[in-house]
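*Asks:* any chance you can model this:
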Amino acid sequence: MVPLYLNSTEVLIDKPSSDWTKVEGKKAKFDWIAKNIITSALSCDDIFRVSQCSSAKEMWDIFEVTHEGTNDVKRARNHALIQEYELFRMQKGKTICDVQKRFSHIVNHLMSLGKTFDKEELNIKILKCLDKT
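*Replies:* Model prediction:
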């Protein structure tokens, strides 16, 4: 018997592959292909992390939590980045290039979490944070 997940919301089917319908067989084939694609891109440590997973969806979910965190972690990261953006100032001894890199880093992370900015807003923010000297 080969276990089969029909999709992310349906439960696992545990019946002999000879009893599968054509649709279940196709889904099992696609799941097998997806698992192979995922594992071919992994390091040894990551392979051990997902070695007991029975579906590509289960593997994906593990890596999503591992690399992006839970919703609570994402929310906390978002709040910390927003605060860092709001309090952003040029640090003493730093060049404009350093400031621009740090600012871009913060903005890029916020944008990856779904925050949007107008170019004018970003320009004003960076100009206000520059040192007067």
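
*Asks:* the longest helix along the chain - contacts with which helices or strands?
*Replies:* The residue-count maximum for a helix in the chain (DSSP state H) belongs to helix 22-40. On a contact count with 3 or more CB pairs under 8 Å, 6 or more residues apart in numbering; DSSP states H and E, helix 22-40 meets strand 2-5, helix 44-50, helix 56-68. To be clear about C-beta, it is placed using only N, CA and C from the backbone, and glycine gets the same treatment.

*Asks:* ok, 10 Å please
*Replies:* Applying 3 or more CB pairs under 10 Å, 6 or more residues apart in numbering; DSSP states H and E, one finds that helix 22-40 makes contact with strand 2-5, strand 12-15, helix 44-50, helix 56-68.

*Asks:* gap between it and the chain center?
*Replies:* Distance of helix 22-40 from the chain centroid (CA atoms, centre = their mean, to the nearest Å) equals 22 Å.

*Asks:* and if you look at stretch 85-98?
*Replies:* 28 Å.

*Asks:* which residues of this protein score low on pLDDT?
*Replies:* 1-14, 133 (pLDDT under 70).

*Asks:* got the domain boundaries for it?
*Replies:* 2-68, 71-129 (automatic domain parsing).

*Asks:* tabulate those in CSV, adding columns for mean neighbour count.
*Replies:* Formatted as CSV, the domains of the chain follow (neighbours: other CB atoms under 10 Å):
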stretch, mean neighbour count
domain 2-68, 13
domain 71-129, 12
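
*Asks:* for residue 62, see how far away the most centrally placed residue in the chain is.
*Replies:* By CA atoms, centre = their mean, the mean C-alpha position of the chain lies nearest to residue 68, the distance being 4.4 Å. Using CB to CB, to the nearest Å, one gets 11 Å for the distance from residue 68 to residue 62.

*Asks:* residue 22 too?
*Replies:* 30 Å.
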